[in-house]
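[1] After the sequence you'll find the predicted model.
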Amino acid sequence: MILYRTIQGHFVENKGAYYCIDELSFDTLVAHEDLQAYLTSAIGSTPAVPPPAPNTILAPVDRQEVWAAGVTYYNSRRARIAESKDAGGGDFYDRVYSAERPELFFKAAGHRVAGPNAPVMIRHDATWSVPEPELTLLINPRAKIIGYTIGNDMSSRDIEGANPLYLPQAKVYDRSCALGPGILIQSTPMPNTTQIHLDILRSGQSQFAGSVALTELKRDPLTLVEYLFRDQSFPHGCFLLTGTGIVPPDTFTLQSKDEIRITIDTIGTLVNEVA
């Protein structure tokens, strides 16, 4: 089942039918002892309703922090080494790719996150900006993965490439993250065969397209979560973007009005336009 946060309340899609579930806040749902069981019970006693209009769907986040993992795919390792070679940072990325400890960094507070069909931003002081399509984990306050959604970790590659210490500026700014359209609620892991697809359109024409399977993800999501929760608490739960394995060519940079489409099997498609 897929949970949507909308301006009209919470909707659950299950086997092609939609149900409005509005008794609890989003934060309470995330903190529920067994969200999947609760939603299953709730829709069992609720009549089906029409699906929510696309323009009413919000980013599926409230007071959750959004974090991200880096260099979890070989393609990302290669790209980070190449972009930072003149700054002497290439060795850092090679080491973190093979290290036991993953790279984890804060990405966004809820108010900075763009939802589906909402604009994302590129920094005005960046010259090389790309989207990073990522499987994103929804984790409850007890460090349990309760769902999956689509994330876009917008990145200013020239800023991070100039110096790895600039990563917060390259990654963290208003609308540098998009989540949605909904959350696939399930306690079982996503199959390794799951595909992530990226398509970037400019004036309706594809400028770049790429795909990657979760088999290429080097880090186990459970391990990423364990490291994230070391000596940290998340009373409202959190999101964790798990890294990207799709890297546009070095000659590509996003432009205003580009349309970014990210699709993940069984979750849906997240669509955002660059402001």
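    Yep, it's here.
[2] how about the protein, which residue sits the furthest from its center?
    What lies farthest from the middle of the chain is S45; by C-alpha atoms, centre = their mean that is 31.8 Å.
[3] Just grab the bridge partners of the residue nearest the centre of the chain for me.
    Residue closest to the average C-alpha location in the chain (C-alpha atoms, centre = their mean): G151, at 1.8 Å. Assessed by DSSP bridges, G151 has beta-bridge partners E134, L179.
[4] Contact partners for it?
    Contacts for G151 (C-beta atoms under 8 Å, 6 or more residues apart in numbering) come out as 66, 68, 133-136, 177-179, 239, 241, 270. Any C-beta I mention is one placed from the backbone N, CA and C, and that applies to glycine too.
[5] for those residues, which one is nearest T28?
    Ranked by distance to T28 (C-beta to C-beta), those are led by F239 at 16.6 Å.
[6] How many neighbouring residues does the closest one have?
    By other C-beta atoms under 10 Å, the residues close to F239 number 27.
[7] What separation do you get for it and K171?
    14 Å (C-beta to C-beta, to the nearest Å).
[8] Mind exporting the C-alpha coordinates of stretch 155-173 to CSV?
    Extracted C-alpha coordinates of stretch 155-173, given in CSV (Å, rounded to 0.1, in the frame of the first residue of the first chain):
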residue,chain,number,x,y,z
SER,A,155,23.7,18.7,-5.9
SER,A,156,26.0,21.5,-6.9
ARG,A,157,28.9,19.4,-8.3
ASP,A,158,31.2,22.3,-8.9
ILE,A,159,31.0,23.5,-5.3
GLU,A,160,31.6,20.1,-3.8
GLY,A,161,34.3,19.4,-6.3
ALA,A,162,36.2,22.6,-5.4
ASN,A,163,36.6,21.3,-1.8
PRO,A,164,34.9,18.4,-0.1
LEU,A,165,34.4,20.6,3.0
TYR,A,166,31.9,22.6,0.9
LEU,A,167,29.5,19.6,0.8
PRO,A,168,26.9,21.3,3.1
GLN,A,169,26.7,24.3,0.8
ALA,A,170,26.6,22.0,-2.3
LYS,A,171,23.8,19.9,-0.8
VAL,A,172,21.8,21.9,1.8
TYR,A,173,19.7,24.9,0.6
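[9] Thanks again, I'm all set now.
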